[in-house]
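Chemist: sequence first, predicted coordinates after that:
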Amino acid sequence: MKKIVVLGSINIDTILNIARLPLPGETMAMHDRSIAGGGKGANQAIAAVRAGAETSFIAKIGKDHAADFMIDTFKNDGLNIQNVTEDNVAGTGKAYILLDDHGQNSILIYGGANQTITVEDIKNASETIKSADCLITEFETPLEASTEAFRIAKANNVLTILNPAPAKQNIPEELLKLTDIIVPNETEAQAITGIEVVAEPSMAQAAKKMHAMGVKNVIITVGANGSFYSQSEKSGFVNAYKVNTVDTTAAGDTFIGYLASKLDSDLSNIEEAMKFASKASSITVQTQGAQNSIPYVKDVEI
Ligand code: RIB
């Protein structure tokens, strides 16, 4: 069984259903609102464990009801939460998701406890990192913590996957060099490279620039169109499954958790792993909400 560690965020998502995004100064009614477990890190960890991997999570919560709710979810899913610790001051992270009638979302984040993860917390989790096959992280937790985690991983031959989300410019060179696979979407790829990613030639161009920055393997996800990969010797495109999209929240996180659970350490099955990940995210987008919409492996097998 694959051993995966995720370092990342935990959020309680408040989903606001609206016809369209409000204009500046406009007051608008919502059709509905609801609460769901979220956070890119937590979503990725839940995707990995539901894909069948032995999954550990490194994260921080507040001392509040939101934390109790999330811990119950993690325990039900069988995540190893030995390295999920409490911050005494900051609250558990929150996300406010504006979801329009076409399934498109805009997300506002309150980082809270996610932003209090320290290098010391990562050092305390070093045995967990060292014993894993793969470490995944994203940008809803502090950069110094991600970099330290990747240092430990690479010193111990652990595969590193970076999801550079939310989009960030000027990612430190050291982090990129410690990254085995970077998985941005088109917006994040543009933020990193300055290249507008629209079709396959621009994906290849953006990937080439990321290779030049020190990342050996690049996978760019382009939503309902599919995903593109580029390695030193080969590249290719995997089409997405055509489905009726209700909500794209956590589609990218599902892709990453499932990808990591399937990938061989030499990445020789990258296309097969991307197809599997793509099938899983095509299920996620058919239900509203993040963690409640992430499928179990029995519903994904292709
Ligand atoms: O990637 C989706 C996630 O982004 C949501 O669950 C929300 O919490 C934000 O972190």
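Modeler: Received it, and whenever you're ready, just let me know what you need. Numbers count the residues shown, from 1 in each chain.
Chemist: which single residue of this protein ends up nearest the ligand?
Modeler: Going by CB to the nearest ligand atom, the ligand is nearest to Gly38 of the chain, at 2.5 Å. In this view, the C-beta of every residue, glycine as well, is placed from N, C-alpha and C.
Chemist: report how many residues lie close to that residue.
Modeler: Gly38 has 30 neighbours, counted by other CB atoms under 10 Å.
Chemist: distance of the residue at minimal distance from the centre of the chain relative to Asn43?
Modeler: Note on the chain: the residue nearest the mean C-alpha position is Asp253, at 3.7 Å, using CA atoms, centre = their mean. For Asp253, the distance to Asn43 (CB to CB, to the nearest Å) stands at 3 Å.
Chemist: now for those two: what residues contact both?
Modeler: By CB atoms under 8 Å, 6 or more residues apart in numbering, Asp253 and Asn43 have these common neighbours: Ala290, Ile294.
Chemist: by contact count, what packs against the helix or strand hosting the residue nearest to the centre of the chain?
Modeler: Here Asp253, judged by DSSP states H and E, is contained in helix 251-262. Contacting helix 251-262 under the criterion 3 or more CB pairs under 8 Å, 6 or more residues apart in numbering; DSSP states H and E are the following elements: strand 3-7, helix 40-50, strand 134-138, strand 159-163, strand 217-221, helix 270-284.
Chemist: hmm, Arg50 and the residue nearest to the centre of the chain touching each other?
Modeler: No. At 11.4 Å, Asp253 does not count as touching Arg50 under the criterion of CB atoms under 8 Å.
Chemist: which parts of the stretch 1-150 of the chain sit against the ligand?
Modeler: Counting by CB under 6 Å from any ligand atom, the stretch 1-150 of the chain comes close to the ligand at Ser9, Asn11, Asp13, Gly38, Gly39, Lys40, Asn43, Ala95, Ile107, Ile109, Glu140.
Chemist: so of the residues you listed, which ones are in helices?
Modeler: Residues of those located in helices (DSSP state H): Lys40, Asn43.
Chemist: what is the nearest of the residues of the stretch 1-150 of the chain next to the ligand to Val183?
Modeler: Nearest to Val183 among these: Lys40, at 11.4 Å, using CB to CB.
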